[in-house]
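Peer 1: Let me see the structure of the following:
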Amino acid sequence: MAERGGVLSIWVDKDGRRHVGVMVNGKRVHRRMPEGATARDAKRLEAELLGAIEKQKPAIPGDPPMTAILGVYMEHLKNLRSPDTAKYHAARMGPWISKYRASDARACAAHMVMDMQGHYAPATINRSLGILKKALSLAWDLGLIPENYGMQVKRLPEHNERHVYLSIEQVQKLSDYASEPVAAAIWFALLTGCRRGEIVKLKREDIGADTITIQSGNTKTQKTRTIPIVSSLRPWLEFFPLTINVEGLKSGFRRARESAGMPWLHFHDLRHSCASILLASGADMLTISRILGHTSIKTTERYTHLQTHAQKVALEGAFAGITPKITPKGRGRVSG
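Peer 2: Prediction:
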């Protein structure tokens, strides 16, 4: 049974074990994966094998195969904060990059998009396209290609901004269906605006008497920020550091949202809900921006539609029942 990943290079045998085989310029390498290995593990191994083979091949001056370009990127991965995730997205590109050379970047990207659409969300496709752009840029920096062909690769428009905001009652319902560590993470996200990764990496020494420090290495912006501890959060602090990792939080949150009848909910919606509640309480954009750790207030301004909605509600309430009478032109005028 062939799996999506390589051109018939990833398969499952009759015993349920996954196999990975790659071939570059007539050289074939085969690996049988251990029991329990996932499709994601197989794709990662496929990318690693491709990269290893390409390192042993003589470079083709001027226009190397795209697999060699990906090999350059695989070397670059050791400098990234999340190499495993990047490897996974790089491995997804296997069936397409094996057909093209560096100068065919535009055609390769178009082929990827055509085949991936309908199977992956635009944001997921863009992650692979972004890796292709980066790999070509690295190859250009190293002098392997005469120009940066990555400039030919264009990302898809995502239009995936969510506007999901929870009430305190909904968060309480969600929390009621969660285990204690997951419930602690849920309330921490709502009451601080922290991201899931920031919550999972929190250490005991990061929690002070009145403030919580989100270390720079754990933030998306690479900047340390300090968040005051509100009284509602204090009962949950005893569960930190969490006894579950990020995968445990993902699965626990999924069970809680489904049991609570909210299968559409994302953990990140709790961060948006924090901003929504802050706005409703009268907090200004600059304060909210600092709490959420935005690098620019422009990012925070995505919530301005909530301000407009609140203003509309206030105006509707204040002037409810008033029906102005329209006087035709010329009537009621005092003649001079």
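Peer 1: Please count neighbours and contacts with C-alpha atoms only from this point.
Peer 2: OK.
Peer 1: Spell out the secondary structure type for the spatially most central residue of the chain.
Peer 2: What sits nearest the mean C-alpha location of the chain, by C-alpha atoms, centre = their mean, is Ala123, with 8.2 Å. Secondary structure state of Ala123, per DSSP: H, G, I helix; E, B strand; the rest coil, is helix.
Peer 1: Low-confidence ranges, the chain, go.
Peer 2: Within the chain, the stretches with pLDDT under 70 are 1-9, 22-29, 48-62, 79-82, 158-162, 218-221, 297-319, 323, 325, 327-336.
Peer 1: ok, which stretches of it are strands?
Peer 2: Under the criterion DSSP state E, the chain carries strands at the ranges 10-12, 18-24, 27-32, 211-214, 225-228.
Peer 1: Report the separation between the closest residue to Ser128 other than its chain neighbours and Ala280.
Peer 2: In this structure, Ser128 finds its nearest non-sequential neighbour in His89, 5.4 Å apart by C-alpha to C-alpha, 6 or more residues apart in numbering. Look at His89 and Ala280: by C-alpha to C-alpha, to the nearest Å, they are 39 Å apart.
Peer 1: who's more crowded, these two?
Peer 2: The neighbour comparison of His89 against Ala280 (other C-alpha atoms under 10 Å) goes to His89, with 22 against 13.
Peer 1: does that one really touch Arg127, like I thought?
Peer 2: Yes - His89 is in contact with Arg127 according to C-alpha atoms under 8 Å; the separation is 6.5 Å.
Peer 1: my read: Ala185 touches Ile199, true?
Peer 2: Yes - under the criterion of C-alpha under 8 Å, Ala185 makes contact with Ile199 at 6.7 Å.
Peer 1: Neighbour count: those two, which is higher?
Peer 2: Neighbours per residue, other C-alpha under 10 Å: of Ala185 and Ile199, the larger number sits with Ala185, 27 against 24.
Peer 1: Please name the residues that touch that one.
Peer 2: Arg196, Ile199 (C-alpha atoms under 8 Å, 6 or more residues apart in numbering).
Peer 1: The residue lying closest to Leu136 once chain neighbours are set aside: neighbouring residues, count only.
Peer 2: Leaving aside its sequence neighbours, Leu136 sits nearest to Gly150 (C-alpha to C-alpha, 6+ apart; 5.1 Å). Per other C-alpha under 10 Å, the neighbour tally for Gly150 reads 24.
Peer 1: do the same with Gln117
Peer 2: The number of residues packed near Gln117 is 12, by other C-alpha under 10 Å.
Peer 1: tell me which residues form a beta bridge with it?
Peer 2: Beta bridges link Gln117 to Tyr120 when assigned by DSSP bridges.
Peer 1: Could you check how far it is from Pro95?
Peer 2: Gln117 is 15 Å from Pro95, where distance means C-alpha to C-alpha.
Peer 1: now Ala283
Peer 2: Looking at Ala283 against Pro95, where the rule is C-alpha to C-alpha, the gap reads 50 Å.
Peer 1: And for Gly193?
Peer 2: Noted for Gly193: a distance of 40 Å to Pro95, by C-alpha to C-alpha.
Peer 1: Same drill for those two, tell me which one is more crowded.
Peer 2: Gly193 (23 against 15).
Peer 1: Return the distance of that one relative to Ile186.
Peer 2: In terms of C-alpha to C-alpha, Gly193 sits 10 Å off from Ile186.
Peer 1: same question, Leu174
Peer 2: From Leu174 to Ile186 the distance is 8 Å (C-alpha to C-alpha).
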